[in-house]
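*Asks:* Next comes the sequence, and after it the predicted model I'd like to discuss.
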Amino acid sequence: MVKVNGNYLKLQAGYLFPEIAKRVAKFSQANPHSNLIRLGIGDVTEPLPKACSFAMKKAIDEMSTPEGFHGYGPEQGYSWLREKISEFDFKKRGCDISAEEIFVSDGSKCDSSNILDIIGDGNRIAVTDPVYPVYVDSNVMAGSTGLANAQGRYDGLIYIPITAENLFIAEIPKESVDLIYLCFPNNPTGAVATKRQLSEWVNYALANKSLILFDAAYEAFIQDETLPHSIYEIDGARDCAVEFRSFSKNAGFTGTRCAYSVIPKSLKGKTQDGRDVDLWSLWNRRQSTKFNGVNYVVQRGAEAVYSHEGCMQVKGLVNFYMENACIIRNNLKEVGYEVFGGENAPYVWIKVPDRMDSWGFFDFLLEKANVVGTPGSGFGSAGEGYFRLSAFNTRDNVEMAMERISSLK
Ligand code: MLT
């Protein structure tokens, strides 16, 4: 009989969001007339920017003609999209990232877990706590951890707590680690590292020859102009960091699927016998073998994000969701909740009332306000006592959710 990957058996319960969906489905079945408002998973609700849907329609029409038909595309993404990304997302911000260093993909969740294909065994791996669960679960699946303890922390991972005391910015570890996951704007807390804080991480990584996996999927939501959008705004980051970016949240591509990773050509890793190898070549090899690229139509849609109309429409979407975040923050503060995030990120991180834990607060809001959020403990044991609300919803739903929550106090 076939042998399975036993590492999967180390995983705890279900993946967070399907687990929430299961509980919500049970509640809905028992309460079929409840009018649920979902501020849990960070899934966008507004339609695609017109510039993107127009570009996709045009691309479909092209595909239906002999001259415009496209078969397999480049596994790395079409050069016209990679050039735009390099110019608009990096060069315009002073980052030295070339089109060749950009790999277009179908999502940051996929990229941030698939990257482990090119990472070897025996690394000391650090994650924050709380953390986007994909970083941890993909390491468990890859066999980089032992079993989980009673707090749900896996043996073999180094957890760096992010708490109200350190303003949810991970502090530099005392020990040396080989691989570090950082996410700014942070999912779930909404915190964003300053240039100085990010420089400390880059300096640490250079000094310790560590690799930073920098998830910047929410960079478009940064409002404070002094905050960095990319780790490559920091000197030296080309030599120690991979960056993940996405069109999911800024341009509403959660269902359409398009993202990219940046693997600078200067990034090096070591073989088990101590030779230097460049990560770009390994990732290029991995993608060529395991990926056929994002479809032509969707890449044309993503390209339209960089047109004048596309930029304006994406800005409109980002502003809309950030106004939602502001409404959530203000309403919750008014009725006495302690809130974090939501100023440069589409997530508001709430301290739950003293008498409850995160899942208790989840049940409370579900039952009493018919509002779905995400329990902080689902992101790690240091998230216990916190709760995440997402700003991705319609204005009516956000306002109604706030009215309902306010009336509970
Ligand atoms: C979240 O709610 O944390 C996000 O939707 C997760 C994701 O983008 O995969």
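*Replies:* Structure received. Here the structure is a predicted model, which is why all the values come from computation and not from measurement.
*Asks:* Ramachandran coordinates for Tyr135?
*Replies:* phi -60, psi -40 (degrees, to the nearest 10).
*Asks:* isn't it right up against Ala126?
*Replies:* No: using Cβ atoms under 8 Å, Tyr135 makes no contact with Ala126, being 10.0 Å away. In short, each C-beta sits where N, CA and C put it, glycine included.
*Asks:* what touches both of these two?
*Replies:* Tyr181 (Cβ atoms under 8 Å, 6 or more residues apart in numbering).
*Asks:* For Tyr296, list the residues it contacts.
*Replies:* Counting by Cβ under 8 Å, 6+ apart, Tyr296 touches Ala59, Met63, His70, Gly73, Tyr78.
*Asks:* Redo these as JSON lines? Include secondary structure, distance to the ligand and pLDDT.
*Replies:* Converted to JSON lines, the contacts of Tyr296 look like this (DSSP: H, G, I helix; E, B strand; the rest coil; distance: Cβ to the nearest ligand atom, whole Å; pLDDT from 0 to 100):
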{"residue": "Ala59", "secondary structure": "helix", "distance to the ligand": "25", "pLDDT": "98"}
{"residue": "Met63", "secondary structure": "helix", "distance to the ligand": "28", "pLDDT": "98"}
{"residue": "His70", "secondary structure": "coil", "distance to the ligand": "28", "pLDDT": "97"}
{"residue": "Gly73", "secondary structure": "coil", "distance to the ligand": "24", "pLDDT": "96"}
{"residue": "Tyr78", "secondary structure": "coil", "distance to the ligand": "24", "pLDDT": "98"}
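*Asks:* Greatest separation within those: which pair is it?
*Replies:* Met63 and Tyr78 (13.5 Å; Cβ to Cβ).
*Asks:* what about the residue of the stretch 201-350 of the chain found nearest the ligand, neighbour count?
*Replies:* Relative to the ligand, the nearest point of the stretch 201-350 of the chain is Ser248 (6.2 Å; Cβ to the nearest ligand atom). By the criterion of other Cβ atoms under 10 Å, Ser248 has 22 neighbours.
*Asks:* The residue nearest to it when sequence neighbours are not counted: neighbouring residues, count only.
*Replies:* Leaving aside its chain neighbours, Ser248 sits nearest to Thr254 (4.6 Å; criterion: Cβ to Cβ, 6 or more residues apart in numbering). Using other Cβ under 10 Å, Thr254 is surrounded by 17 other residues.
*Asks:* Relative to Asp43, how far out is Thr254?
*Replies:* To Asp43, Thr254 is 5 Å away according to Cβ to Cβ, to the nearest Å.
*Asks:* higher neighbour count, Met63 and Tyr78?
*Replies:* Using other Cβ under 10 Å as the criterion, Met63 and Tyr78 rank with Tyr78 on top: 19 against 15.
*Asks:* With Phe103 as the reference, measure out to that one.
*Replies:* 12 Å.
*Asks:* hey, which helix is longest across this protein?
*Replies:* helix 308-334 (DSSP state H).
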